[in-house]
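Novice: Sequence plus predicted model, see below.
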Amino acid sequence: MTSLAPYDAVLVASYGGPDGPDAVLPFLRNATAGRGIPDARLAEVGAHYALFGGVSPINDRNAELVEALAAELAARGVRLPVVVGNRNWRPYVADALVELADGGAKRVLAVFTSAYGSSSGCRQYREDIERALAATGLDLVVDTVTPYAESAGFLAANAEALGEAWGAAGDGVRVLFVTHSIPLGMDAASGPGPEGLRYAATHRRVAGEVARLAGFDGDWELVFCSRSGPPQVPWLAPDVNDRIRELAASGVTDVVVAPIGFVNDHMEVVYDLDTEAAATASEVGVRLVRAATAGVRPAFVSGLVDALAARAARTRGEASDPEGRCGDGCCGTGRPRT
Ligand SMILES: CC1=C(CCC(=O)O)c2cc3nc(cc4[nH]c(cc5[nH]c(cc1n2)c(C)c5CCC(=O)O)c(CCC(=O)O)c4C)C(CCC(=O)O)=C3C
Ligand SMILES: [Fe+2]
């Protein structure tokens, strides 16, 4: 029997994306405030959104996830409001919390549309919530689910997707697991513990586990996409496009691009992989098959509900394992906004 007690609502906290051409610039300003992203990169990213009519697919994909989560909860006898609140575009986290509080919520459980620990994928979401609570003065308790990349549901969904993509690719296929690049300093601060590097290390473990679960016994590697920031600042590499060119030069003809770093098909997937990396591959004569993201696959949705239920059980004091909130040194510090 699934119970989310004592929580009475679920917040899906996400990055946000523009919902029309007029939203692109203000969204990009929100996303980059105080972060030292060069203007040229902003213009470039704005052009990616323009290719899609100024609308990011992230809003629709998150709406589907909310619907699937609510349906899975209902199937398990739990009827609670589930809403999206974003960091960089409407509805903001504060809007979502106001809506939940107006509906009578007192204790909210939040889960992020990012599976991995890092400043961008975890700590900043927790800070968004703290800031929204401070700004609204709402009488709400909001607790959060810890990064779930290594949970059975997320691994199973990605393994299913890899199996499908690999089946559609040619012999001798090389699997490129892809995630968002981040600055090396952000990875070093992703903790836990002084050694840091949790972000890249977790991705390597997930990649190995997804390959194993899919029964893939060929060659695979972890590569990165969507680098930004000034060129003198080092970010995780190699870039997916650079790697496709190198592989082509060494005789590889088929690659599967498996975006294990992303939970659904937002702009980084539909532009950086399906548009840009696909163009690179076709330019150098490599066949590219893109594996699906976890999206609303039943294994993923049901795994997320398990993660929500496990967090609630800990709050009720029913779980012996002390995990349940990120520790103080965890996921790095968010950079101050100017
Ligand atoms: C780890 C990570 C995730 C995955 C975890 C998570 O989901 O949170 C992620 C997701 C996303 N990133 C997104 C968009 C952007 N990210 C940017 C900038 C940055 N991302 C970073 C990291 C990540 N980003 C970093 C270190 C920066 C540099 C500035 C900074 O330190 O913050 C910029 C500014 C321009 C540029 O630099 O490209 C944009 C527009 C969208 C929305 C897509 C849509 O609209 O569909 C999504 C889901
Ligand atoms: Fe990003």
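Specialist: Structure received. Ligands and ions are numbered 1, 2, ... in the order given.
Novice: Now the stretch 101-250 of the chain against ligand 1: closest residue?
Specialist: Each residue of the stretch 101-250 of the chain has a distance to ligand 1, by CB to the nearest ligand atom, and the smallest belongs to residue 228, at 2.8 Å. Backbone N, C-alpha and C define where each C-beta goes, glycine included.
Novice: so who does that residue touch?
Specialist: Taking CB atoms under 8 Å, 6 or more residues apart in numbering, we find residue 228 in contact with 37, 41, 45.
Novice: Report the next helix or strand after the helix or strand harbouring residue 288 in sequence order.
Specialist: Using DSSP states H and E, the secondary-structure element containing residue 288 is strand 287-290. As assigned by DSSP H and E, the chain's next helix or strand after strand 287-290 is helix 298-315.
Novice: which residues of the stretch 151-300 of the chain fall in helices?
Specialist: With DSSP state H, counting those that start in this stretch as the definition, the stretch 151-300 of the chain shows helices at residue ranges 152-168, 184-188, 198-214, 240-249, 267, 278-283, 298-315.
Novice: by contact count, what packs against the third one?
Specialist: Packing partners of helix 198-214 (3 or more CB pairs under 8 Å, 6 or more residues apart in numbering; DSSP states H and E): helix 152-168, strand 174-180, helix 184-188, strand 220-225.
Novice: and stretch 198-209, how far from the chain's centre?
Specialist: Remark: stretch 198-209 is offset 14 Å from the chain centroid, using CA atoms, centre = their mean, to the nearest Å.
Novice: Now tell me what touches that stretch from outside.
Specialist: In contact with stretch 198-209 (CB under 8 Å, 6+ apart) are residues 116-118, 121, 147, 149-150, 154-155, 158-159, 177, 179, 182, 186-187, 190-192, 220, 222, 236, 258, 260-261, 331.
Novice: and ligand 1, which of the residues you listed reach it?
Specialist: 118, 121, 182, 186 (CB under 6 Å from any ligand atom).
Novice: Turn those residues into TSV, columns for neighbour count, pLDDT and distance to residue 85.
Specialist: As requested, these are exported to TSV (neighbours: other CB atoms under 10 Å; pLDDT from 0 to 100; distance: CB to CB, whole Å):
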residue	neighbour count	pLDDT	distance to residue 85
118	25	91	20
121	25	93	16
182	26	95	23
186	25	92	23
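Novice: In a markdown table, list the residues you listed along with distance to residue 207.
Specialist: Formatted as a markdown table, these follow (distance: CB to CB, whole Å):
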| residue | distance to residue 207 |
| --- | --- |
| 118 | 16 |
| 121 | 16 |
| 182 | 16 |
| 186 | 19 |
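Novice: ok, which pair from those residues is furthest apart?
Specialist: Pairwise distances among these were taken by CB to CB; the largest, 9.8 Å, belongs to 121 and 186.
Novice: For the nearest residue to residue 22 once chain neighbours are set aside, grab the count of nearby residues.
Specialist: Excluding the flanking residues, the one nearest residue 22 by CB to CB, 6 or more residues apart in numbering is residue 54, at 7.4 Å. Neighbour count of residue 54, defined by other CB atoms under 10 Å: 18.
Novice: Would you mind giving both backbone torsions of residue 54?
Specialist: The phi and psi torsions at residue 54 (degrees, to the nearest 10) take the values phi 80, psi 10.
Novice: Much appreciated, bye for now.
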